[in-house]
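Colleague: Fold the following and give me the result.
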Amino acid sequence: MKKSFVLVLSVVLLGLLLAGCGGSSGNGTNESGNNVSTGNQTGGASGNAGSSGGSANGGGGAETNPPADGGGANASSGGVVTLKYGTWNDPAVEQKKIAAFEKTHPNIKIEIDKAVTWPWDEKLGAAAAAGKLPDVFFVFNAPADVANGWLADLTPMLSADPDYNEKNIFGNLSATGQYNGKQYVLPQQLFTQGVLINVDLFNKENIPLPKPNWTIDDFENIAKKLTKPSEHQFGVENLAGAREFFVPQFDPSLGWLTYDGKQFNFDKPAFSDTIHWINNVIYNDKSSVDYYDRKLQDQWYGKDKSGFVMGKIGMKIDANWSFAELAKNNKFKWDFLPIPGKVGQRIPMVTDYIGMAKNTQHPKEAFEFIKWLTYSKEGWMQRINDIEKPIATMPLINDRDVWDAYLKTTFTAPGLKDVIAGIPNGFVDGYKWLPGDAEIISKLLDPYDTKKELLTLKVKPEDISKDLQKKAMDIFNKDKAQIEAAAK
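Modeller: Numbering: from 1, shown residues only. Predicted coordinates for the structure are as follows:
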């Protein structure tokens with residue numbers, strides 16, 4: 001299912017020309033999905049963690065009111081229709097988006113469904129069981145939603161739409177929402193992980209700013225130079241939770257959580273090497289504030305406050321979703337650089353998805369709203385220029401005007417251009433779309449993480465890697481079979 005395209009971004013403000021071929025490796029090029037019942041979920045790109053549930057009842061609920069048959073995009077409801085919309089984004093921002101959409105689509109009214117909230121899949125399951133799924137909703141566990149019969153196949157509508165081209169979706173991310181060749185969800189928000197840099201602190205300590213192609217050795221050496229424990233100043237924050245997307249920096253053939261496009265690879269050296277390296281930075285170098293208890297950090301920086309935001313930490317593993325808060329609250333100069341590499345250097349991406357309820361009575365109108373949120377140039381231009389300032393998500397369509405507008409209005413970090421340049425060879429967090437990913441985390445890795453047994457090397461990764469690989473592949477194959485059966 002590998003596809004590629006060339007993305008050309010002309011940036012007038014910066015005189016920047018970025019080009020690259022996407023979909024060449026990593027998670028973003030394969031049919032994929034999660035388990036129907038994943039257990040506790042541990043987080044998402046833009047929302048609190050939830051737990052999946054209601055799968056048995058949910059499936060029945062979704063089938064209670066079957067949708068218009070076949071190409072729903074051609075089935076007009078006539079007159080003014082009202083759609084229910086399930087979103088975990090800020091309601092104030094969503095209302096502005098809804099108002100802009102309704103202005104150009106006067107026959108469609110959108111109402112946010114307040115009954116669907118966290119825990120997301122549990123509330124979706126309850127809505128499905130009652131036959132009240134939102135017409136359009138954010139998707140936290142795509143394969144489970146497909147297997148439960150909650151999501152409509154968008155393929156006929158996309159095929160009938162002259163504005164749709166799979167190459168329009170930046171980075172070939174649309175492939176992560178396909179199961180058995182059918183497009184059940186579309187990416188609607190895109191974020192990239194990287195390293196925030198406190199430029200003022202670097203200057204204060206007379207440390208040169210790192211180059212975009214820096215290595216993990218550079219990162220570790222800089223972290224040690226920045227660290228002054230007596231002043232509660234440290235080199236890095238959030239390294240403890242970065243295991244999954246540092247693996248590809250040790251082995252570029254792997255993606256998030258060791259997935260290579262066909263299988264997981266916990267038994268390859270990169271998994272163990274990553275854990276040993278993180279352990280060394282935190283527990284031997286003691287240059288990461290992650291070494292210290294949260295209660296102690298509260299005493300130093302304030303309750304639940306980030307040491308980076310307080311100006312006491314030089315580097316923070318984070319993502320571009322933090323830009324708006326940083327631009328508003330930080331009192332120091334900062335930048336955003338690509339994740340450093342060991343053997344290679346690849347950009348981690350996090351994507352949110354959206355889909356249509358299989359039992360919606362208004363498939364044409366629901367599809368129009370989904371289009372506006374995902375691959376409509378009109379929708380992206382309105383969001384960037386008029387609605388979301390600054391917009392948290394990167395654009396998802398391959399359009400020069402859209403990217404020009406995005407970089408002109410949100411380019412708060414000079415290093416962002418280097419992160420964007422690496423996206424075509426990046427890899428995607430599989431939590432919301434890859435078979436078994438969430439279950440592998442909750443059932444196999446979380447038990448070790450709860451007691452920090454892997455992080456502290458009380459349990460050495462090389463000692464459990466073969467067993468971990470076998471159990472992970474058992475989960476993956478089981479879940480893949482479920483989703484393939486459901487998506488026939």
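Colleague: Quick one: the strands in the stretch 151-300 of the chain, in order.
Modeller: For the stretch 151-300 of the chain, the strands defined by DSSP state E, counting those that start in this stretch cover 178-179, 182-183, 185-198, 234-237.
Colleague: mean confidence score for the longest one?
Modeller: The average of the pLDDT scores along strand 185-198 is 96.
Colleague: And stretch 293-308, by the same measure?
Modeller: Computed over stretch 293-308, the mean pLDDT rounds to 96.
Colleague: what residues does that stretch touch?
Modeller: Outside stretch 293-308, the residues that touch it by Cβ atoms under 8 Å, 6 or more residues apart in numbering are 196, 198, 232, 234, 237, 289, 310, 312-313, 315-316, 318. Quick note: C-beta positions are derived from backbone N, CA and C, even for glycine.
Colleague: okay, the strands of the stretch 151-300 of the chain, which one's buried deepest?
Modeller: Mean neighbours per residue, mean count of other Cβ atoms under 10 Å, is largest over the strands of the stretch 151-300 of the chain for strand 234-237, with a mean of 26.
Colleague: Which secondary structure elements does it sit against?
Modeller: When contacts are defined as 3 or more Cβ pairs under 8 Å, 6 or more residues apart in numbering; DSSP states H and E, strand 234-237 packs onto helix 216-226, strand 313-319.
Colleague: Please identify the buried residues of the first one?
Modeller: When burial is assessed from 16 or more other Cβ atoms under 10 Å, helix 216-226 yields the following buried residues: 216, 219-223, 226.
Colleague: Farthest-apart pair in those residues, please.
Modeller: For the buried residues of helix 216-226, the farthest-apart pair by Cβ to Cβ is 216 and 226; their separation is 15.4 Å.
Colleague: in this protein, which ranges drop under the pLDDT threshold?
Modeller: 1-78, 410-412 (pLDDT under 70).
Colleague: Spell out which residues make up each domain of it.
Modeller: Following automatic domain parsing, the chain resolves into domains at 6-191+349-413, 193-344+437-486.
Colleague: Those domains into CSV, with extra columns for distance to residue 419?
Modeller: Formatted as CSV, the domains of the chain follow (distance: least, Cβ to Cβ, whole Å):
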stretch, distance to residue 419
domain 6-191+349-413, 9
domain 193-344+437-486, 5
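Colleague: looking at those, which is buried most?
Modeller: domain 6-191+349-413 (a mean of 20).
Colleague: Specify the local secondary structure of residue 432.
Modeller: Classification of residue 432 by DSSP: H, G, I helix; E, B strand; the rest coil places it in coil.
Colleague: My guess is it contacts residue 143. True?
Modeller: No. Shown here, residue 432 and residue 143 do not form a contact pair, counting by Cβ atoms under 8 Å, at 9.0 Å.
Colleague: Specify the helix with the largest residue count in this protein.
Modeller: Of all the segments assigned as helix in the chain under DSSP state H, the longest by residue count is helix 461-486.
Colleague: residues in contact with residue 282?
Modeller: Residue 282 sits next to 239-240, 288, 290-291, 455 when contact means Cβ under 8 Å, 6+ apart.
Colleague: How about residue 291?
Modeller: Residues in contact with residue 291 (Cβ under 8 Å, 6+ apart) are 282-283.
Colleague: and it, how far is that from residue 482?
Modeller: 41 Å (Cβ to Cβ, to the nearest Å).
Colleague: How about residue 451?
Modeller: Distance from residue 451 to residue 482, by Cβ to Cβ: 31 Å.
Colleague: and the closest residue in space to residue 116 that isn't next to it in sequence, backbone torsions?
Modeller: Spatial nearest neighbour of residue 116, excluding adjacent residues (Cβ to Cβ, 6 or more residues apart in numbering): residue 86 at 3.9 Å. Dihedral pair for residue 86: phi -100, psi 120, per degrees, to the nearest 10.
Colleague: what bridges to residue 86?
Modeller: Taking DSSP bridges as the rule, residue 86 bridges to residue 137.
Colleague: Can you verify my assumption that it contacts residue 114?
Modeller: No. Applying Cβ under 8 Å, one finds residue 86 not in contact with residue 114, separated by 9.4 Å.
Colleague: so what strands line up beside the helix or strand hosting residue 111?
Modeller: Under the criterion of DSSP states H and E, residue 111 resides in strand 108-112. According to DSSP bridges, strand 108-112 forms sheet pairs with strand 81-86 (parallel).
Colleague: Return the distance of the partner strand from the chain's centre.
Modeller: Remark: strand 81-86 is offset 25 Å from the chain centroid, using Cα atoms, centre = their mean, to the nearest Å.
Colleague: where exactly do the helices run in the stretch 151-300 of the chain?
Modeller: Taking DSSP state H, counting those that start in this stretch, the helices of the stretch 151-300 of the chain run over residues 155-160, 199-204, 216-226, 243-250, 269-279, 294-301.
Colleague: Tell me what the most centrally placed residue in the chain is bridged to.
Modeller: The centre of the chain sits closest to residue 350, judged by Cα atoms, centre = their mean, with a distance of 1.9 Å. On the basis of DSSP bridges, residue 350 is bridged to residue 191.
Colleague: Switch the helices and strands packed on strand 234-237 over to CSV; also include distance to residue 139.
Modeller: Formatted as CSV, the helices and strands packed on strand 234-237 follow (distance: least, Cβ to Cβ, whole Å):
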stretch, distance to residue 139
helix 216-226, 34
strand 313-319, 19
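Colleague: So residue 191 is in contact with residue 323, correct?
Modeller: No. Checked against Cβ under 8 Å, the pair residue 191 and residue 323 is beyond contact range at 10.0 Å.
Colleague: Need the residues touching each of the two.
Modeller: Residues touching both residue 191 and residue 323 (Cβ under 8 Å, 6+ apart): residue 392.
Colleague: neighbours of the residue nearest to residue 347 when sequence neighbours are not counted, just the number please.
Modeller: Spatial nearest neighbour of residue 347, excluding adjacent residues (Cβ to Cβ, 6+ apart): residue 426 at 3.7 Å. The local packing of residue 426 (other Cβ atoms under 10 Å) involves 29 other residues.
Colleague: Give the phi and psi angles for residue 426, as a check.
Modeller: For residue 426, the backbone dihedrals (degrees, to the nearest 10) come out as phi -80, psi -170.
Colleague: what separates it from residue 339, distance-wise?
Modeller: 10 Å.
Colleague: Quick one: the contacts of stretch 293-308 as CSV, columns for distance to residue 259 too.
Modeller: Formatted as CSV, the contacts of stretch 293-308 follow (distance: Cβ to Cβ, whole Å):
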residue, distance to residue 259
196, 26
198, 33
232, 38
234, 32
237, 27
289, 30
310, 36
312, 36
313, 31
315, 27
316, 26
318, 23
